[in-house]
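Sequence plus predicted model, see below.
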Amino acid sequence: MSFRTIQSEGPLRLVVAGAGGMGGAWARNIVGSPDAELVGIADLYPEAAAKLAAATGIGGLATGTDAIELAQRTSADAIVNATIPEAHHPVTIAALSAGLPVLGEKPVAATVAEGLALAAAAEHTGQLFMVSQNRRYHPALHQAKQRLAGLGAVGIVSVDFFQSPHFGGFRDEMASPLLLDMAIHQFDMARYLLDADPVSVSCEEYNPAWSWYAGDAAANAVFAMDGGARFTFNGSWCSPGHETSWNGSWRISAERGTVLWDGENDPSAAPDEPFEPGEDHGRDIGGSLRQFIAALLDGSEPMGRVHANVMSLAMVEAATQSAAQGRRVAIDDVLDRSYAAALANERDPEVLAVLKSWPSVREALSSKRSDSE
Ligand SMILES: NC(=O)c1ccc[n+]([C@@H]2O[C@H](COP(=O)([O-])OP(=O)(O)OC[C@H]3O[C@@H](n4cnc5c(N)ncnc54)[C@H](O)[C@@H]3O)[C@@H](O)[C@H]2O)c1
């Protein structure tokens, strides 16, 4: 499925929506990129937009409270949506409908149902909507994948994630902070490493006795992936001492060997066979920004296009349902219920027609996905 490309001689003009922590990181990356120009910052709170605009050091940088109005006022080429998850759907829908491609922060939306509506809206408008899963963009993760290529079938992927941040604010109060706010990164990385989508999950979440979070800050999840591999996530957000990398600490077991990755340094493989280094995808949000711009200019398929990304959020929803219900949850059940909700909630007749045209959710997502790197 193709999307509209942009003819441009110079850097692409971008507006950042959401002037919070991640909006600041995006603004800095755009300013530092030779391929992009920051032309505006939008936030519901004008003072937040003004503060970030001042921090960029760009004199007279345009600001506003409505990202789409600001993009039109500044003749922007695209929007980076770094708003809160609840605003991902409305802001991205409005941008796509106004003819603006979107690079969005994870998660794709607040729910899988909204993610499906966004996939249909991207199809209807022909605009690119890519979700930035920044932890996919790490040279050592790519190297781990390249090393696996020579080791035969991959059967077991396990990640330990142990950190002890004191965020303050909403994460300390929300239900399932680890699963909802963090685990999507490792779930998405596992999909990338395996080139496989999830089938089912059994998950337990709990709150260690000393936890400073109101919701469950620890979880164990076992996913069955298509092709038969298992992916195990073992994590805690309240475990001081010997913390793992924020990327997690990985053991990947294949038919003829094992790859270990500490989440930061080059992975090691046993046996240590020669491997193809593969393509350089860049690092962190700078990598996804580069891929988004390249896609818009030459039509190349980026990782994390909305269709390819929704399944990572489906893993999160399935895991939280499994933990709440104390049983294994099939991903297809999550997709079916989300599809029904997307149909029931959709108010745009043309987006609704796209949703109705899908032979099945899995087929719609997979026939349009291409995250094989
Ligand atoms: N990739 C990562 O490593 C990473 C890290 C942190 C956060 N995130 C993601 O980035 C996003 C933003 O997180 P954050 O920590 O910066 O949140 P934040 O609360 O610090 O900032 C969000 C900002 O968005 C603004 N906003 C809300 N609705 C808006 C709208 N309709 N239009 C314009 N502005 C709007 C808010 O006023 C706020 O200033 C979330 O989706 C979060 O999951 C990603």
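Alright, I've got the coordinates. All values reported here derive from a predicted model rather than from experimental measurement.

per-residue pLDDT, whichever residue of the stretch 151-300 of the chain sits closest to the ligand?
Nearest residue of the stretch 151-300 of the chain to the ligand (Cβ to the nearest ligand atom) works out as Asp181 at 6.4 Å. Using the backbone N, CA and C atoms, a C-beta is placed for each residue, glycine as well. The model reports Asp181 with a pLDDT of 94.

Enumerate the residues of the chain near the ligand.
Residues of the chain lying close to the ligand (Cβ under 6 Å from any ligand atom) are 17-23, 42-45, 48, 67, 82-85, 87, 91, 105-106, 134.

helix or strand right after the helix ranked longest in the chain?
If you go by DSSP state H, the chain has its longest helix at helix 306-325. Sequence order places strand 329-330 as the next helix or strand after helix 306-325, per DSSP states H and E.

list the helices and strands that next one packs on?
If you count contacts as 3 or more Cβ pairs under 8 Å, 6 or more residues apart in numbering; DSSP states H and E, strand 329-330 packs onto strand 198-206, helix 306-325.

how does the protein divide up, domain by domain?
12-135+284-306+332-367, 138-270 (automatic domain parsing).

returning to what we had before: Throw the helices and strands packed on strand 329-330 into TSV and include mean pLDDT and mean neighbour count, thanks.
Formatted as TSV, the helices and strands packed on strand 329-330 follow (pLDDT from 0 to 100; neighbours: other Cβ atoms under 10 Å):
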stretch	mean pLDDT	mean neighbour count
strand 198-206	98	20
helix 306-325	98	24
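
picking up where we left off before, nearest to Ala319, of the domains of the chain?
domain 138-270 (4.1 Å; Cβ to Cβ).

At which residues are the strands of the stretch 251-373 of the chain located?
Along the stretch 251-373 of the chain, counting by DSSP state E, counting those that start in this stretch, strands occupy 257-261, 268-270, 329-330.

mind listing the helices for the chain?
21-31, 46-56, 67-73, 85-97, 112-125, 139-148, 170-173, 177, 183-194, 284-298, 306-325, 331-345, 349-357, 361-367.

Other residues contacting the third one?
When contacts are taken as Cβ atoms under 8 Å, 6 or more residues apart in numbering, the neighbours of helix 67-73 outside the stretch itself are 15, 17, 40-42, 62-64, 76, 78-79, 81, 91, 94-95, 98, 100.

Can you list which of the residues you listed are found in strands?
Mapping the contacts of helix 67-73 onto strands (DSSP state E) picks out Val15, Ala17, Gly40, Ile41, Ala42, Ala62, Thr63, Gly64, Ala78, Ile79, Asn81.

any idea how far Gly278 is from the third one?
With distances taken as Cβ to Cβ, to the nearest Å, Gly40 is found 36 Å from Gly278.

How about the first one?
According to Cβ to Cβ, Val15 and Gly278 sit 33 Å apart.

For the closest residue to the ligand within the chain, what are phi and psi?
The nearest approach of the chain to the ligand comes at Gly20, 1.7 Å away (Cβ to the nearest ligand atom). Backbone torsions of Gly20, given as degrees, to the nearest 10, read phi -90, psi -150.

Which residue of Gly40 and Gly278 possesses the greater neighbour count?
Gly40 (24 against 13; other Cβ atoms under 10 Å).

Run through the bridge partners of Val201.
Phe223, Val329 (DSSP bridges).

Enumerate every residue touching it.
Counting by Cβ under 8 Å, 6+ apart, Val201 makes contact with Ala221, Val222, Phe223, Ala224, Met315, Ala318, Ala319, Ser322, Arg328, Val329, Ile331.

neighbours of the residue nearest to Asp266 when sequence neighbours are not counted, just the number please.
Once flanking residues are discounted, Asp266 sits nearest to Ala140: 5.5 Å by Cβ to Cβ, 6 or more residues apart in numbering. Ala140 is flanked by 18 other residues according to other Cβ under 10 Å.
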